[in-house]
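Q: Got a predicted model here, sequence first, then my questions.
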Amino acid sequence: MRSERNSISTRCARWMIAGEWRAHPGRAIVAAIAIAIGVALGFAVHLINASALNEFARAVRTVNGDSDLQIHSVTPFGFDEALYPKLARLSGIAGASPAVELSAGTSEDDETRITLLGLDGLRAGFVTPNLIGRRVEIGAPESEDALDESSLFLSQAALDETRKNIGDTITLSAAGHEVAFTIVGTLPGVAEGQSIGAIDIAAAQWRFGQLGRLQRIDLKLAGGADAENIRANIIAVLPADAEIVSQESAARRSDSLSRAYRVNLDMLALMALLSGAFLVYSAQSLSVARRRSQFALLRVLGVQRRALLAQVLAEGAVVGGIGAGLGLVLGLALASAALSFLGGDLGGGYFEGTRPQLIFAPVAAAVFLVLGLLAALFGSLLPAREAARAQPAVVLKNEGDVIDPSAVPAVWTAPILLALGGGAALVPAVGDLPVFGYLSIALMLAGGVAAMPLLARLLLAPLQRFAFAAASIDLALKRLWGAPSQAAIALCGIVASTSLMVAMAVMIASFRISVDEWMVQVLPSDLYLHVEGDSSGGLDVELQKKLAAVPGIAMIDFRKNVPLRLSPDQPPIAVMARTVDFNDAAGGLPLIGQSLPVPEGAVPVWLSEPGQWLYGYRPGDFLELPIGRETAGETTRVFVAGIWRDYARQQGSIVIGNEDYTKASGDVLRTDAAVDLAPGARPRDVIDAMRAELPPLLAARLTVAEPQELRALAMQIFDRSFAVTYLLEAIAILVGLSGVAATFSAQTLARTKEFGMLRHVGVLRRQIVAMLAAEGALLGTIGVVAGLALGLAISQVLINVVNPQSFHWTMETRLPYGLFATVTIVLIAAAAGTALFAGRRALSGDAVRAVREDW
Amino acid sequence: MRLVIGFVLSLLAGASLAADAQLPAYPEVRPGVALNFPADHGAHPDFRTEWWYITGLLDTADGKTLGFQVTFFRTRPQIDQRNPSAFVPKQILFAHAAISDVAVGHLLHDQRVAREGFGLAQASTADTDVVIDDWNLKRGADGNFRAHVAGKEFTLDLNFSPSQAIMLQGEGGYSRKGPLGSQASHYYSMPHLKVSGTVARGGKPAAVTGSAWLDREWSSSYLDPNAVGWDWVGLNLDDGSALMAFQIRKADGSALWAGGSFRSADGTTQRFAPEDVRFTTGRTWRSPRTNTDYPVERMLVVRLPTGEREFRLTPLFDDQELDSRGAGGPVYWEGAVRSPGGRGYLELTGYFKPLKL
């Protein structure tokens, strides 16, 4: 008996689901697509990052040659080679392999760069055998000289990229020197895709001006040695300009590079998923409302409440499952496309020089599938409960919604949620991530949505006192006033989507305008020169003189950017040597606050805002900069005179005066320059003249740009990195409108009888239509007003909590009024239009029959 | 005369150096240069190659016999001498150690190699004092040599105490290696070194005593281009006399050059002309790993003033092949041998593949 009943209800459920979807396929499809987008976005972000991190880790491992532990210099200038015998003699160290590590340009017409390693093959053979070259004999078997200073071994990727063969000659340029080598063999131990070259360490030191310096020492630990003990022994002899790097710290460093970016994208994906859940909710609410009498009939026929609940949930699950499955496929395609077009950092610039292979992650796929399903089930839960709760007798008789106009909506939930949200915004970051910032946004959203029924009454209250000439508007007002919970369903969609969109728009606009204004401040000169990818080399003094003498140049300020590893867990901070002159408003830095007076004899530096966040120094602090190039391990004590705004380097930067830098580091080479042109000089002529002064390899790597080009480029990059957010804004609007549409469709359906009654008392058909439009417009207005207010509040959390906590920079709030106006008009119009559209369909039936049904 | 060094040299053989490279000028080995001690115990860095080569047999407390070799090499590669880098491989030091134990049935061996510098690898010119990381060979003020080598499978701590005068090879230390006068080395030996010390295996040191042979050679031009390898033997004879003989072979197996000397217990030394030394093969052994045939049992006939004398050389065991290709070295046979009334070491090179120097 029981099994028979079960089979009946199962069959019933199947019929009803199939019938419902056949009749209204659009809603289910839209809901499934929304779920798919959320899942796809989250899954793609995960895949891209996993692939990029994997590739990055592989690159780090390859260059490190799988050594147990590595000592690395904190600057490209390396550390004193005297450290090498000290480490080699430490007990517990089975082998120490010294290395010169340079970034080398490889040819005149190409921007290919390789990591050039100068190795002692006799040491590396034991410590990092993966980096040992294999000679490929071609005709001349007597050339067997692994120590030959002109012999170069290239990895397969480097051979491919430089389009060279074994036996060819190639000129490498690194650290300001150009040297010709003969390619004598390959590096078979180097992983695929890694561009690495190996030469003899003595040749590297001599030919590339690295005498007495090493960039790293690879260590092999003796079997059974106490790693902690060894580490302590190493630290005891380690100079300030060198640090210990392990596989773990390298992984942490690469992880911290992109973590904030990644988590923020994940959050956006989660929002998309929530939007999907809301779409499922609105679609299911509508579908439940439409089938209310069907459900009542089923109840009368003996179908259990539980079965109804299960049926609506099952509908949601099917929609969620299809959407999530579609989302996984879409996510895979999206990730693959993004990797090939944008790279592993989605254009964010964190993993330059790696070309990741897409790796499929089955666990993540399962997680996102479940998330998609959960979102759909979550969206179906309320409608399902509503369907199950229906009293068969009442519903069969009365198709309208059963509401009591005199009931006052709950007052306390919303303020509590909003207060909690505000409080969460004040909590500091957890593990460098704005966890509570996002929690705050979620709470504020929930609070805003919960406040809607009450807010709708409050906002409509002043209008209640007016008697409108047009009956339709009066009717609309009364209806909204009397059924706030119904209005709230429509409103929560509008409010949630408007507020999210407004918040993001305010944040992006503020950021965009801040960056644009900042660019104007930091780029006051006429031309900017940059020598590509060669922080340990650049323009020497003689070339600087030649360039300065080029006609048409009024003033040239040579600059240098050097990556400095201040902490083993952080990506290198940028040390920027340049002329700092606060007397010249245009030549200064965009400071936040004032620059402190510099104590007598102290070397002033200006730390960027992210640098201040990451390293915790404040104006007035002293810190030790290990940038000494000639003196072993000596540091320069510098005074943090101020904090400046820097949107370009998330890893932080330190600005130091040109002369102070040269004095501290002994480095006279410069990689960048800012040029002020003489009146009447044509930029093109000056650029050509400057190029002519440089040796060909250097000229090929020199990029010259005018500030407007740089600004355009920066804005292009900016817009590209926010492309995902624009997509989400579009989804948010869709969600909002679909909420309105669903609510009105459901309500007009339920109000067929009401419309019939109105027709009977003499209300014209077009007056009902006008009433519906007015209702829609009123709802839209309320939603937009509330959404704007909530959005502004959330934007403040984004600007003052999420951004500083994840990217470590602040910005001024800028309001995009134009956008607000557009959003307001479009949303109100769209709400009215949607309401109208939904109402017209409901009115197409015979009004008289609608009333007659009421018996 | 030992050619393990061959591989290091082949690594370093002059190649495509820069046109203006300033290459090392190797001094030629000339006759009539008197050796000075202790300075000539030390390194001669100007010459192209040099070695300190100790081989011998050890007796353990439980009555077992072990063969051993402890060898340090120095070579001066064809490297641009102008390079001021401290890493420039102006000298490469290389060391090899092995023990022969019948119970093991094959050689246990290990090696170290490094470019000279930073105090991690160096060879003193004042006296024997060679260091490569944790391996070293040093001659003390008492005239004794001390060696410490620690491999993966064994550690040797041995003291070598001279019991006889230095044995100058060739004409007062000038030893011809080929038809040209420049194909020669400075060469002296120290036979009948008394050995004491420990051999540790599996972390357990065992006291040993024994007798050893030190060969010291330095040269700039060693092998004739037609040579493919050589056979060398050094025997400490029970009556206190010492025998060294070598032949350098051509590709057809015939001798391109030969030499050696015999010193009786009373100190009278007989130097061999090429025609005074004859090696014949008693039995060959085929290596199962490399399929190389080695003449491990030999009959050595040398002409002494008293007439020809035969030495039958029997290996301690057959498999004393040393395959150092894993470390970039050659494949050769270097083993402890017995002879009626004496024992010593036999070296067979160039059987797997012609050696280049």
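A: All right, it came through fine.

Q: export the helix or strand containing residue A:676 as CSV, just CAs?
A: Here residue A:676 sits within strand A:672-677, counting by DSSP states H and E. C-alpha atoms of strand A:672-677 as CSV (Å, rounded to 0.1, in the frame of the first residue of the first chain):
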residue,chain,number,x,y,z
ASP,A,672,64.6,54.1,-16.0
ALA,A,673,64.5,57.7,-16.7
ALA,A,674,62.0,60.6,-16.7
VAL,A,675,62.6,63.2,-19.5
ASP,A,676,61.5,66.8,-19.6
LEU,A,677,61.6,68.1,-23.2
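
Q: from the chain's centre, how far out does that strand sit?
A: With CA atoms, centre = their mean, to the nearest Å as the basis, strand A:672-677 stands 33 Å off its chain's centre.

Q: right, and the helix or strand after that strand?
A: helix A:683-693.

Q: Could you list every helix and strand in contact with that following helix?
A: strand A:527-531, helix A:541-548, strand A:672-677, strand A:702-705 (3 or more CB pairs under 8 Å, 6 or more residues apart in numbering or on different chains; DSSP states H and E). Glycine gets a C-beta too; all of them are placed from N, C-alpha and C.

Q: quick one on the thing from earlier: got the contact list for the strand holding residue A:676?
A: The contact list for strand A:672-677, computed with CB atoms under 8 Å, 6 or more residues apart in numbering or on different chains, reads A:524-531, A:539, A:547, A:552-561, A:578, A:683, A:686.

Q: Now do that strand against strand A:527-531: the angle between them, please.
A: Angle, strand A:672-677 to strand A:527-531, by axes from the mean of the first three to the mean of the last three CA atoms, to 10 degrees: 160 degrees.

Q: For residue B:226, which non-adjacent residue is closest in space?
A: Nearest residue to residue B:226 in three dimensions, chain neighbours excluded: residue B:250, at 5.4 Å (CB to CB, 6 or more residues apart in numbering or on different chains).

Q: list the contacts for that neighbour?
A: For residue B:250, the contact set (CB under 8 Å, 6+ apart) comprises B:226, B:227, B:228, B:256.

Q: Take the residues you listed and write them to a markdown table, including neighbour count, secondary structure and pLDDT.
A: Below are the contacts of residue B:250 laid out as a markdown table (neighbours: other CB atoms under 10 Å in any protein chain shown; DSSP: H, G, I helix; E, B strand; the rest coil; pLDDT from 0 to 100):
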| residue | neighbour count | secondary structure | pLDDT |
| --- | --- | --- | --- |
| B:226 | 15 | coil | 86 |
| B:227 | 23 | strand | 87 |
| B:228 | 19 | strand | 89 |
| B:256 | 21 | strand | 91 |
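
Q: Pull the most distant pair out of the residues you listed.
A: B:228 and B:256 (8.8 Å; CB to CB).

Q: which residues are common contacts for the two?
A: Joint contacts of residue B:228 and residue B:256 (CB under 8 Å, 6+ apart) are B:249, B:250.

Q: Spell out which residues make up each domain of chain A.
A: With domains defined by automatic domain parsing, chain A comprises A:1-69+A:248-397, A:79-240, A:405-525+A:707-855, A:527-705.

Q: distance between the third one and the chain's centre?
A: Between the mean C-alpha location of domain A:405-525+A:707-855 and the chain-wide mean there is a distance of 25 Å, by CA atoms, centre = their mean.

Q: could you give the mean pLDDT of it?
A: The pLDDT scores in domain A:405-525+A:707-855 average 77.

Q: Drop anything exposed from the contacts of strand A:672-677.
A: Among the contacts of strand A:672-677, those classed as buried by 16 or more other CB atoms under 10 Å in any protein chain shown are A:525-531, A:539, A:547, A:552-553, A:556-561, A:578, A:686.

Q: if I look at the residue nearest to residue B:226, how far off is residue B:264?
A: Per CB to CB, to the nearest Å, residue B:250 is found 32 Å from residue B:264.

Q: Which part of the stretch 151-300 of chain B gets nearest to chain A, residue-wise?
A: Here the stretch 151-300 of chain B gets closest to chain A at one residue, residue B:152, 9.5 Å apart by CB to the nearest CB.

Q: Does that residue touch residue B:110 like I think?
A: Yes - the pair residue B:152 / residue B:110 is scored as a contact, 5.9 Å apart, by CB atoms under 8 Å.

Q: In its sheet, which strands sit next to the strand holding residue A:676, and in what direction?
A: strand A:527-531 (antiparallel), strand A:553-564 (antiparallel) (DSSP bridges).

Q: now the angle from that strand to helix A:683-693?
A: Using the same axes, to 10 degrees: strand A:672-677 against helix A:683-693 is 130 degrees.

Q: any idea of the mean pLDDT in strand A:672-677?
A: 89.

Q: if we can go back for a sec, what kind of secondary structure is the residue of the stretch 151-300 of chain B closest to chain A in?
A: coil (DSSP: H, G, I helix; E, B strand; the rest coil).

Q: count of residues packed around it?
A: 9 (other CB atoms under 10 Å in any protein chain shown).

Q: repeat for residue B:86
A: 18.

Q: measure the residue lying closest to it once chain neighbours are set aside to residue A:123 for me?
A: In space, and not counting its chain neighbours, residue B:86 is closest to residue B:117: 5.6 Å by CB to CB, 6+ apart. With distances defined as CB to CB, the gap from residue B:117 to residue A:123 amounts to 11 Å.
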